[in-house]
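K.L.:
here you go, sequence then predicted model.
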Amino acid sequence: MGLAIGLTIGLHSEVPTSEAFTDQVIQQGAVGEDVIELQSRLQYIGFYNGKIDGVFGWGTYWAVRNFQYEFGMEVDGFVGQKTKDMLVKASEYDKQWVQEQINQGREFTHYGGQKRPWSEQQQSQQGGQGQGETEQQQKGQGQEGQQQGEGQAEQQEQPQEPTATNVPNGFSQNDIQLMAQAVYSEARGEPYSGQVAVAAVILNRLEDSTFPDSISGIIFEPLAFTAVADGQFYMQPDEQSREAVMDAINGWDPSGGAIYYFNPDTATSDWIWSRPQIKKIGKHIFCR
């Protein structure tokens, strides 16, 4: 069974349409060829890095939301007609060349890279987002992993609901609290996407070897966050800050992979201005 069977060939001059998909709205919990098509396109343009297994899990859900956000669409995690059309336009490719490479033994991570049909792979769900464990995180893994599984089952029925009650495996309640305090003290009053982006920066640093390997280490690294230095960090965060943290942990990164951010109206460091800028959200500029 060929993967991504409806994709248009990049050498064609026609404007792509969403005929690659069926007419059904694709949402979390779905399985089958539509999901394979969706995952393939999202991976090809850099929004999805999980397995192409035909299972619409959390990784696919948040890849869809990131795609919708970046392309100025309604961010709801549902793949309807408008999202399908945009995906097709954004992911036109040379199907024949890809198939020739697969036939020669090359294993792509997109468009046909999975050689088993989705029906043989659907038991392989998306992995957790846990990173950089501390001893405290390890102690809470078992219980939190169970909570995650239960949360996923509940959310599959209503994927449009916030994921703030789902504590992913690998993060402790203390991690969530510290990140919520950082978000609140650094970005209260900013757009919600800007608050999620601040949380995402912390997580992006967790994956970068030049930063500490724990949430607490990153937040309390000397001179890393203004709010820690001036004491605002110790204010009680609101529920929206926690929701922003949970959305970031579950995969939403409005920062575009940033590891730094700053307020251009108050920044005094010449060095921060030298960093490659990605985007501006609210008052903050996010950069690499």
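P.N.:
Yep, it's here.
K.L.:
ranges for the strands of the protein?
P.N.:
Along the chain, counting by DSSP state E, strands occupy 260-262, 277-281, 284-287.
K.L.:
now the ones you listed in CSV, please, with extra columns for mean pLDDT.
P.N.:
CSV is the format used below for these (pLDDT from 0 to 100):
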stretch, mean pLDDT
strand 260-262, 96
strand 277-281, 95
strand 284-287, 96
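K.L.:
looking at the ones you listed, which is closest to Thr226?
P.N.:
The minimum distance between Thr226 and these falls on strand 260-262, with 9.1 Å, by CB to CB. For the C-beta atoms, the positions are set from N, CA and C on the backbone; glycine is no exception.
K.L.:
what's the burial count for Lys51?
P.N.:
Close neighbours of Lys51, defined as other CB atoms under 10 Å, add up to 21.
K.L.:
ok, it to Gln39 distance?
P.N.:
Separation of Lys51 from Gln39 (CB to CB, to the nearest Å): 8 Å.
K.L.:
next one: Asn250
P.N.:
Counting by CB to CB, the separation of Asn250 from Gln39 is 17 Å.
K.L.:
just to check, Val35 is in contact with Lys51?
P.N.:
No: here Val35 lies out of contact with Lys51, judged by CB atoms under 8 Å, at a distance of 11.3 Å.
K.L.:
a markdown table please, covering the strands of the chain and showing mean neighbour count and distance to Gly77.
P.N.:
Below are those laid out as a markdown table (neighbours: other CB atoms under 10 Å; distance: least, CB to CB, whole Å):
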| stretch | mean neighbour count | distance to Gly77 |
| --- | --- | --- |
| strand 260-262 | 21 | 25 |
| strand 277-281 | 17 | 20 |
| strand 284-287 | 23 | 23 |
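K.L.:
got those as a markdown table, with distance to Gly46 columns?
P.N.:
Shown next, in a markdown table, are those (distance: least, CB to CB, whole Å):
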| stretch | distance to Gly46 |
| --- | --- |
| strand 260-262 | 21 |
| strand 277-281 | 14 |
| strand 284-287 | 17 |
